[in-house]
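J.: Build me a model from this:
(2 chains)
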Number of protein chains: 2
Amino acid sequence: MPSAAGRGQGPERDRRPENGEQPAADDYAKERYGVSSMIQSQEKPDRVLIRIKDLTEEKADEVVWVRGRIHTSRAKGKQCFLVLRQQQFNIQALVAVGQHASKQMVKFAANINKESIVDVEGVVRKAHQKIGGCTQQDVELHVQRIYVISLAEPRLPLQLDDAVRPEVEGEEDGRATVNQDTRLDNRVIDLRTSTSQAVFCLQSGICQLFRETLIRKGFVEIQTPKIISAASEGGANVFTVSYFKSSAYLAQSPQLYKQMCICADFEKVFCVGPVFRAEDSNTHRHLTEFVGLDIEMAFNYHYHEVVDEIADTMVQIFKGLQERFQTEIQTVNKQFPCEPFKFLEPTLRLEYREGVAMLREAGVEMGDEDDLSTPNEKLLGRLVKEKYDTDFYILDKYPLAVRPFYTMPDPVNPKNSNSYDMFMRGEEILSGAQRIHDPQLLTERAQHHGIDLEKIKAYIDSFRFGAPPHAGGGIGLERVTMLYLGLHNVRQTSMFPRDPKRLTP
Amino acid sequence: MPSAAGRGQGPERDRRPENGEQPAADDYAKERYGVSSMIQSQEKPDRVLIRIKDLTEEKADEVVWVRGRIHTSRAKGKQCFLVLRQQQFNIQALVAVGQHASKQMVKFAANINKESIVDVEGVVRKAHQKIGGCTQQDVELHVQRIYVISLAEPRLPLQLDDAVRPEVEGEEDGRATVNQDTRLDNRVIDLRTSTSQAVFCLQSGICQLFRETLIRKGFVEIQTPKIISAASEGGANVFTVSYFKSSAYLAQSPQLYKQMCICADFEKVFCVGPVFRAEDSNTHRHLTEFVGLDIEMAFNYHYHEVVDEIADTMVQIFKGLQERFQTEIQTVNKQFPCEPFKFLEPTLRLEYREGVAMLREAGVEMGDEDDLSTPNEKLLGRLVKEKYDTDFYILDKYPLAVRPFYTMPDPVNPKNSNSYDMFMRGEEILSGAQRIHDPQLLTERAQHHGIDLEKIKAYIDSFRFGAPPHAGGGIGLERVTMLYLGLHNVRQTSMFPRDPKRLTP
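T.: The predicted model follows:
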């Protein structure tokens, strides 16, 4: 059975929609529809495909070609209404019996499986009234030709309309929503929703803004190895790799390498890359593999020089997202309503003891050197929001006891340290510190922590040939995306999340 | 023994140069030099540190503070000449007995170990004649104060001057050079050389130009997982990871995930990240972990739409490097002389059969469907350079037999394929193809290659719900840097290279 002759796309293949509709010989529109042969780069036609988002009233009465997916289709007598989708945008298309379309063509169009990709030629027409369900509300497409480019199987594992439905509608109206495992198991389809498209375009923007800002500030991008010979922080929570006849580990952070670059005079470095944690944590915010946005910087006299640079980088990201990704933010908000993200300029910096005091005032009992529990972090986030009206702040001067051995002690109060966390909507997104750049003190602190000096010899030796004072921090990309958008699970902001129970797809 | 009082940097620590020089009580300059206490962020002085590269004649007679490393020092009677280095730049500094400096101070300065970091206050003076060994040739610094900020150990594992010496000088004049293993074993020091600084600043630039160009072209950056559940291309050359109670693999390429993103309507995606190959190849161009610059893109009718975008991206990188990194290119050229990199616009695209014909004309015997050996690739590169005067070209339409199963066959000649490699100076930097987007054909081709269909089920299933035609490719970052600069070993362009014999530092 031949495909539509009009396309001339090389050798014919026997492929048809499940319903088996193909042009019949007595059909006056028979060359105007059909299943195209597989695009194998047979030819380079001049045809221009117009983007759906560009189909506006200005294009009224023009004949255009569009490639899109069949989002929905609804036949009604001699007409078939299609919604054609392209990324976040969609338009209504009408196939109606008439000069260009036969009743066979309407039937063919109505029977194309959802999510199939089609090429459509049509006239752009002003709509008589706003078209509710579409992003292109003022125009519709009157179809003159339609060819299937890639056919979807008839049964979809999930429906896109269900996948973008706000949870509240599911709960209150009993309408279908899609649970997280179904989404992740069928990620190729779940990622097609307007919400997913927006989330990951915005995430791409975060990476770009992070790097753009740092390059402008004179930072150099570095690439650090992920396969390492020794577990950097003592060996807990580290994945083992078999490496030829020996074994190795996956880096839990690029920190040692960032610091080596500082010792090698790169002065200001950043890197963006995977970070691996073999923690058996099954929470909304832990992944076994996530993307670290890492910064390390030599400073002159005070680590606040670095804190200020990092905080300003975050502020530039927040501003850039507001400016460049408003459409994406609004798209996500439709499914996941959320207050706009608020921040101050310059960023609010509180000392740990101030945070503890605020918590105590709110009834929390904790010691001066206790670490913050997750609930207390969240509570403090709410208290800070009430008092200062910001969703982003820095908590500075953590107790030395709760920080890693390489953290520089505070010069005045030896129970404190030159270390800090940064928070978005009450959850930690960055942890950082001035690092000890003096091999003698570093050795003392490692011994104090009971760390085997032999295992960190290479690390300590890095500082023996002159090391500038430096500080830095690591940011979790997925957390930043999640918290900026007010989402509730880091799996929503990791394209292919990895956790102790999930390694696929 | 107190450090110099002038710094006021918090609690004193007993730390001194190996030679033990510290100010003596009867020294009129005693507060003008010494070993500073460790910078622990005790204070935030107003002091402005000037960059060495900004010390030019315009600053003559100004008093400035500079932080730099002691690159060399040479005492001569009542004077000591220091060269202070900061990244790629350096300046001569003179400490001479007089109003500001005592003979003890000159001795102190002369005895500071090389590579130590010092803060120096001095007057910028015009030099009487060009200062040969320094980047700042027109000025020198007359030192009034000097404090050691971080002391290097007295014995360096390698000398920076040896490490930047052109190999030819080593061979012809018998002067010391540094071998690669010594460099890599002591990478923190080796990376301080002007050559290394330039190489890795330029590499950071390649990444930035790659992304800048693609973002401008409408691409979205994606993050793909590195821990995967199944070995993507049949299980050879893959590293195994222990994953909780089970095992997993390290991704040999992000290709499946890029393709899934295409099937998920992202249309144009790129990613920059580590790629792992468990190949026991000990050559100048193989690493077990390298950085992949990966592109995947849906096209309308012909995969050359994608080839053109990739080639133009490379051209934008080459142009950007020429414009923004001229200093770095020249710095590297001093140690590793090399012809400037040449390219055409648009990029030269030859068909594989044309390449084979050129090789045969040059006396090479090979069949139409034989793959190119490495020597033949290099020879072809030279022939192309002679004939077309370009160091960058595309070889298109490889024999189907030498490409992976997912490669789209050529629509006209079934022995060929819609696949391509790109070359710089005769070495492959990118391999790519139109991918089969049709699950039926993909199944057939996998079977033809004897691949277990069960193992690639998830891959094939990705294409069952409508898949646009698409093509892409993967670029090796370290190779691009190496070949652009005309270097000869990929370990020179990987900060911390990994190969079958090296996992450290």
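
J.: in chain A, what spans have low per-residue confidence?
T.: A:1-25, A:232-235 (pLDDT under 70).

J.: And it, split by domain according to the record?
T.: A:33-150, A:194-492 (the TED database).

J.: wait, does the shortest one contact chain B?
T.: Yes. With CB under 8 Å from any CB of the partner chain as the criterion, chain B is reached by domain A:33-150 at A:38-45, A:47, A:49, A:67, A:69, A:86-87, A:115-117, A:149-150. All C-beta atoms are positioned from the backbone trio N, CA, C, and that covers glycine.

J.: what about burial for those residues, which qualify?
T.: Using 16 or more other CB atoms under 10 Å in any protein chain shown as the burial test, the residues of domain A:33-150 next to chain B include A:38-42, A:67, A:69, A:86-87, A:115-117, A:149-150 as buried.

J.: And the residues you listed, which is closest to B:Met314?
T.: Nearest to B:Met314 among those: A:Ser41, at 20.8 Å, using CB to CB.

J.: List the backbone torsions phi and psi for the closest one.
T.: A:Ser41 adopts backbone torsions of phi 70, psi 40, taken as degrees, to the nearest 10.

J.: Likewise for A:Thr193?
T.: phi -60, psi 150.

J.: That one against A:Gln159, yeah?
T.: No. With contacts counted by CB atoms under 8 Å, A:Thr193 stays clear of A:Gln159, the gap being 10.0 Å.

J.: Spatially, what comes nearest to A:Gln322 if we skip its sequence neighbours?
T.: A:Ile329 (7.8 Å; CB to CB, 6 or more residues apart in numbering or on different chains).

J.: mind listing the strands for the stretch 351-500 of chain A?
T.: A:392-396, A:419-424, A:427-435, A:470-476 (DSSP state E, counting those that start in this stretch).

J.: of all the ones you listed, which lies closest to B:Gly473?
T.: strand A:470-476 (30.0 Å).

J.: helices and strands around that closest one, which ones?
T.: Strand A:470-476 is packed against helix A:255-263, strand A:289-298, helix A:304-324, strand A:419-424, strand A:427-435, with contacts defined by 3 or more CB pairs under 8 Å, 6 or more residues apart in numbering or on different chains; DSSP states H and E.

J.: Might you enumerate the residues of the stretch 351-500 of chain A proximal to chain B?
T.: So the stretch 351-500 of chain A meets chain B at A:408-412, A:418, A:434, A:437-438, A:440-441, A:458, A:462, A:464-469, A:477, A:494-496, A:498, A:500 (CB under 8 Å from any CB).

J.: can you pull the contacts of A:Glu267?
T.: A:Gly218, A:Val220, A:Met297, A:Ala298, A:Pro468, B:Gln87 (CB atoms under 8 Å, 6 or more residues apart in numbering or on different chains).

J.: Compare the residues you listed and tell me which is most surrounded.
T.: A:Met297 (27 neighbours; other CB atoms under 10 Å in any protein chain shown).

J.: beta partners for it?
T.: Applying DSSP bridges to A:Met297 gives these bridge partners: A:Lys268, A:Ala471.

J.: who's in contact with A:Ala198?
T.: With CB under 8 Å, 6+ apart, A:Ala198 has these contacts: A:Gln88, A:Thr327, A:Glu328, A:Ile329, A:Thr331, A:Val332.

J.: give the contact list for the last one.
T.: Okay, so that is A:Val332. Contacts for A:Val332 (CB under 8 Å, 6+ apart) come out as A:Thr195, A:Ala198, A:Val199, A:Leu202, A:Cys338, A:Leu485, A:Leu487.

J.: Can you find which helix in chain A contains the most residues?
T.: helix A:194-216 (DSSP state H).

J.: May I see the buried residues of that helix?
T.: Buried, per 16+ other CB under 10 Å, within helix A:194-216: A:194-215.

J.: And the contacts of A:Val332, which is closest to chain B?
T.: Closest approach between the contacts of A:Val332 and chain B, by CB to the nearest CB: A:Leu202, at 10.0 Å.

J.: shouldn't the closest one be in contact with A:Thr481?
T.: Yes. Counting by CB under 8 Å, A:Leu202 touches A:Thr481, with 6.6 Å between them.

J.: Mind jotting down where the helices sit in the stretch 51-200 of chain A?
T.: Ranges of helices in the stretch 51-200 of chain A, per DSSP state H, counting those that start in this stretch, are A:103-110, A:160-163, A:167-173, A:180-185, A:187-190, A:194-216.

J.: could you dump those helices to a markdown table with distance to B:His286?
T.: Putting the helices of the stretch 51-200 of chain A into a markdown table (distance: least, CB to CB, whole Å) gives the following:
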| stretch | distance to B:His286 |
| --- | --- |
| helix A:103-110 | 53 |
| helix A:160-163 | 43 |
| helix A:167-173 | 50 |
| helix A:180-185 | 35 |
| helix A:187-190 | 33 |
| helix A:194-216 | 28 |
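
J.: how close does A:Asp410 sit to A:Ala401?
T.: Taking CB to CB, to the nearest Å as the criterion, A:Asp410 is separated from A:Ala401 by 12 Å.

J.: Compare those two and say which is more crowded by neighbours.
T.: Ranked by neighbour count (other CB under 10 Å), A:Asp410 and A:Ala401 place A:Asp410 first, with 20 against 12.

J.: Need phi/psi at the more buried one.
T.: Dihedral angles for A:Asp410 - degrees, to the nearest 10 - are phi -70, psi 140.

J.: hey, what's the closest residue to it other than its chain neighbours bridged with?
T.: Excluding its sequence neighbours, the residue lying closest to A:Asp410 (CB to CB, 6+ apart) is A:Asn416, at 3.8 Å. Counting by DSSP bridges, A:Asn416 is bridged to A:Pro399.

J.: Contacts only, for A:Asn416.
T.: A:Tyr352, A:Lys397, A:Tyr398, A:Pro399, A:Leu400, A:Pro409, A:Asp410.

J.: cool, A:Met105 as well?
T.: A:Pro23, A:Asp27, A:Ala29, A:Arg32, A:Tyr33, A:Val95, A:Val97, A:Ile146.

J.: what's the farthest-apart pair in these?
T.: A:Pro23 and A:Val97 (14.9 Å).

J.: For those two, indicate the residue with more neighbours.
T.: Each of A:Pro23 and A:Val97 has its neighbours counted (other CB under 10 Å); A:Pro23 has more, 22 against 17.

J.: farthest pair in the contacts of A:Asn416?
T.: A:Tyr352 and A:Pro409 (13.9 Å).

J.: I am finished for the moment; much appreciated.
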